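K.L.:
Coordinates only, no sequence provided:
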């Protein structure tokens, strides 16, 4: 048996859940242009007592690769994350390979986190190359033999969707994600490329329209219940 108070209470709860879900849709829209971003969805369900609740899920599917012709850019095609380290020693993981040369010639992220354990590219070289397995090789002259100076590590997690967002397109491990494991003998790294976000803009537009209609219906139901509640109070007082 439902009471007016119960209808209003459930309506407020359900509207709040819908608003939270709309927030994730907005976040996906805002990150369409973010390198390596993974779509986050809010999957809702109805509890036995009639309340709407839900849980967030990260879609770790591959994003398309975009050619940049910037030799410091790398994209990951397939599984894996690149470990990066802050100046304070904090470790995070990313698929955003928009790297650059930082202090003393080290390969760093766009916000100056060290890539891997540190890859220092000499300033007097003729050219350098990042191979598909992550090895960084340089040529001192046009005719010299390439020499390896480091390697971009690639790690995987048992449950990558459980990684926690830590800001600036970086993730940190959680108890649910498991420990990082080094991927060996891979060919997943593509130089001169970046991975685009895997957001499906048409799906997000459809979700936004459906949520908007659902929220309007909830608000109308709450208004009807609120009006009936006020009329009941007025009758009692009179």
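P.N.:
Received the coordinates, thanks. Because the structure is predicted, anything quoted here is derived from the model rather than measured.

K.L.:
Give the lowest-confidence helix or strand of this protein, using mean pLDDT as the measure.
P.N.:
Here the helix or strand of the chain ranked lowest by mean pLDDT, DSSP states H and E is helix 201-237, holding a mean of 68.

K.L.:
Could you list the low-pLDDT ranges of the chain?
P.N.:
1-15, 44-52, 54, 211-238 (pLDDT under 70).

K.L.:
switch to 90 and redo it
P.N.:
Across the chain, the ranges flagged by pLDDT under 90 are 1-33, 39-61, 69, 103-104, 123-127, 140-146, 164-169, 200-238.

K.L.:
how does it divide up, domain by domain?
P.N.:
4-60+199-237, 65-195 (automatic domain parsing).

K.L.:
Including mean neighbour count, could those domains go into a markdown table?
P.N.:
In this view, the C-beta of every residue, glycine as well, is placed from N, C-alpha and C. A markdown table is the format used below for the domains of the chain (neighbours: other CB atoms under 10 Å):
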| stretch | mean neighbour count |
| --- | --- |
| domain 4-60+199-237 | 14 |
| domain 65-195 | 16 |
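
K.L.:
ok, the closest residue to residue 63 other than its chain neighbours - how many residues close by?
P.N.:
Spatially, and ignoring its direct neighbours in sequence, residue 63 is nearest to residue 198 (4.1 Å; CB to CB, 6 or more residues apart in numbering). Other residues near residue 198 come to 17 when the count uses other CB atoms under 10 Å.

K.L.:
Surely residue 198 touches residue 41?
P.N.:
No: using CB atoms under 8 Å, residue 198 is not in contact with residue 41; the gap is 11.5 Å.

K.L.:
Mutual contacts of the two, please.
P.N.:
residue 59 (CB atoms under 8 Å, 6 or more residues apart in numbering).

K.L.:
Wait, a strand at the residue nearest to residue 63?
P.N.:
No: under DSSP: H, G, I helix; E, B strand; the rest coil, residue 198 sits outside any strand and is assigned coil.

K.L.:
what's near enough to touch the residue nearest to residue 95 when sequence neighbours are not counted?
P.N.:
Of all residues not flanking residue 95 in the chain, residue 36 sits nearest, at 3.4 Å (CB to CB, 6+ apart). When contacts are counted by CB under 8 Å, 6+ apart, residue 36 touches 63, 75, 76, 94, 95, 96, 97, 169, 194, 195, 197.

K.L.:
mind checking how far residue 36 is from residue 195?
P.N.:
Distance, residue 36 to residue 195, using CB to CB, to the nearest Å: 5 Å.

K.L.:
any residues in contact with both of those two?
P.N.:
Applying CB under 8 Å, 6+ apart, one finds that residue 36 and residue 195 are jointly contacted by 63, 75, 76, 95, 96, 97.

K.L.:
quick one: which of those sit in strands?
P.N.:
75, 76 (DSSP state E).

K.L.:
just the shared contacts of residue 36 and residue 195 now: which is nearest residue 153?
P.N.:
Sorting these by how near they are to residue 153, with CB to CB, puts residue 76 at the top with 11.6 Å.

K.L.:
Wait, the closest one touches residue 82, no?
P.N.:
Yes: counting by CB under 8 Å, residue 82 is a contact partner of residue 76 at 7.1 Å.

K.L.:
anything in contact with each of those two?
P.N.:
Jointly contacting residue 76 and residue 82 under the rule CB under 8 Å, 6+ apart are 95, 97, 154.

K.L.:
Do I have it right that the last one meets residue 81?
P.N.:
Yes: with contacts counted by CB under 8 Å, residue 154 reaches residue 81, the gap being 7.2 Å.
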